[in-house]
Each structure stands twice: as structure tokens, then as C-alpha cells.
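**Q** only geometry, no sequence info:
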């Protein structure tokens, strides 16, 4: 079965621009979570969507937003990009969210802000 | 404040020997713990998990031990193989629906030497 698909794999943007990343979860999975990975901070939780609703949110500024569509696909948007937003952005899907069903991660989108 | 800590950024182990990766947590609300393995340019891959009602969970070469009173868990890999060389992340969650998704440690880079 197909895994979690994230597009694009690599992206270079200029400071001040905005960017949209996409995540297609495993078929049947309704929960999609987003994480940011940086060398200094490790993996940090951004937000989780379930049935098109944001269910949980991490400690990130409002420039980071997301949405989920009726087919469970999710997009993440970052506006007014800063150099510090350069990171690997990972998406994870699970059946309903919560620990007992496990999370499957995509390969990530490597965002570089210059 | 880091709620999940992996104090060893790297660990070198000889092939065939036991690898022991450690993880400490501070939030007593966490009730489910997971280990993920990550290769460069790929997303984390789920390895093994343990519920707080257990103190040990085994899956093939991988065993996770949980000491709730010490807020400590460890991952044992026996015997270690070259393909085990990767970054290992410990993660924790409050399955009752906390706001933070999975909380990750910063990872331990395991190097298996021939």
C-alpha cells in the first residue's frame, strides 16, 4: 500500500515569501500531523488535523497554518518566511490519531529559506 | 523546557554486541512511548512502542524497557547489525488527547562498527 507522500521534496524560497507544502496520507488514515525538524530543536510538533478540523496545535507562531481536505490530504502554509524556517517538514498520518494506532511519516519536504 | 531527553547525541557499538539507547522524560502525563529510527533524507520509521501499564515490550531484536518511577526508558538492540546505524528518536504522548502531539527527544546517532 502507498505510504505517506509529501510534495515537493525540496524547496528553496526567499525570505518574506510564503510557501505551501502538501501531504497525502495513507489511504484510510484520517489524522495528519505536521512536524518541523531542525538540527538545534529536533522534531517539534506543529499541528494535527482530523476530519478537516485542527485538533491540536504546537507552539509555533501564527505564520504557520494548515488545512485538511475531505479526502484527508493536508497542506501546510508558512507565510512571511524567515531564515529560521529552514528545516525538514515532516508529515505523519494515522488512522484516528493518538498513540495506539501509530504514526507513519513521509520522507519530508526540505525547505531552505535564503 | 525539554520534556523528552536523549542525553547521548551519539553512540558507537560493535557489530554483534548490544546497543542500549536511553531516554528520560519529565511529564508524568505521558502514558505511551515510541521509538523511531531515521535514515538521512527519509522520514522516521516506527520501531517499537510501550504503554505505561507495561515495563517491557519485545519485538525481535528490539526490546523497550520502561521505568515509570524513574521516568526512564531504554531501547535494547541485540545483536546490533550494520543496518541499525541510524538516528534513533524517543517519543512520548499523552493518549488522552494532549495538545502537543508526539513529543520527541533530539535523537541519538547510533553507529555500528564492523
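**A** Yes, it's here. Quick caveat: nothing in here was measured; it's all calculated off a predicted structure.
**Q** can we go C-alpha only for contacts and neighbour counts from here?
**A** Fine.
**Q** next helix or strand past the helix or strand of chain B with the lowest mean pLDDT?
**A** Within chain B, no helix or strand scores below strand B:103-104, which has a mean of 90 by mean pLDDT, DSSP states H and E. Sequence order places strand B:108-113 as the next helix or strand after strand B:103-104, per DSSP states H and E.
**Q** which residues touch that next one?
**A** Applying CA atoms under 8 Å, 6 or more residues apart in numbering or on different chains, the set of residues contacting strand B:108-113 from outside is B:6-15, B:21, B:80-89.
**Q** Same check on stretch A:83-102?
**A** A:4, A:6, A:15, A:23, A:25-26, A:28-38, A:50, A:103-114, B:32, B:43, B:46, B:93-97, B:101.
**Q** show me the contacts for residue A:15.
**A** A:80-83, A:113-114.
**Q** Mind giving me the packing neighbours of the least confident helix or strand of chain B?
**A** strand A:42-50, strand B:86-93 (3 or more CA pairs under 8 Å, 6 or more residues apart in numbering or on different chains; DSSP states H and E).
**Q** same thing but at 10 Å, please
**A** Counting contacts by 3 or more CA pairs under 10 Å, 6 or more residues apart in numbering or on different chains; DSSP states H and E, strand B:103-104 packs against strand A:42-50, strand B:4-5, strand B:32-38, strand B:86-93.
**Q** Quick check: buried residues in whichever helix or strand comes after the longest one?
**A** Moving toward the C-terminus from strand A:42-50, the next helix or strand (DSSP H and E) is strand A:53-57. By neighbour count, with 16 or more other CA atoms under 10 Å in any protein chain shown as the criterion, the buried positions of strand A:53-57 are A:54-57.
**Q** can you put those residues in TSV and add distance to chain B and pLDDT?
**A** What follows is the buried residues of strand A:53-57, written out as TSV (distance: CA to the nearest CA, whole Å; pLDDT from 0 to 100):
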residue	distance to chain B	pLDDT
A:54	11	91
A:55	8	85
A:56	5	84
A:57	6	88
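**Q** Now tabulate those in CSV and tack on distance to residue B:111.
**A** Output for these, formatted as CSV (distance: CA to CA, whole Å):
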residue, distance to residue B:111
A:54, 39
A:55, 38
A:56, 35
A:57, 34
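**Q** what's the neighbour count on the closest residue to residue A:91 other than its chain neighbours?
**A** Spatial nearest neighbour of residue A:91, chain neighbours left out: residue A:34 (4.5 Å); criterion: CA to CA, 6 or more residues apart in numbering or on different chains. Applying other CA atoms under 10 Å in any protein chain shown, we find 26 residues neighbouring residue A:34.
**Q** Contact partners for residue A:51?
**A** Residue A:51 is in contact with A:29-32, A:68-72, A:96, counting by CA atoms under 10 Å, 6 or more residues apart in numbering or on different chains.
**Q** Look at it and report its pLDDT.
**A** pLDDT, residue A:51: 89.
**Q** List phi and psi for it.
**A** Residue A:51 adopts backbone torsions of phi 50, psi 50, taken as degrees, to the nearest 10.
**Q** With residue B:95 instead?
**A** Residue torsions, per degrees, to the nearest 10, at residue B:95 are phi -70, psi -10.
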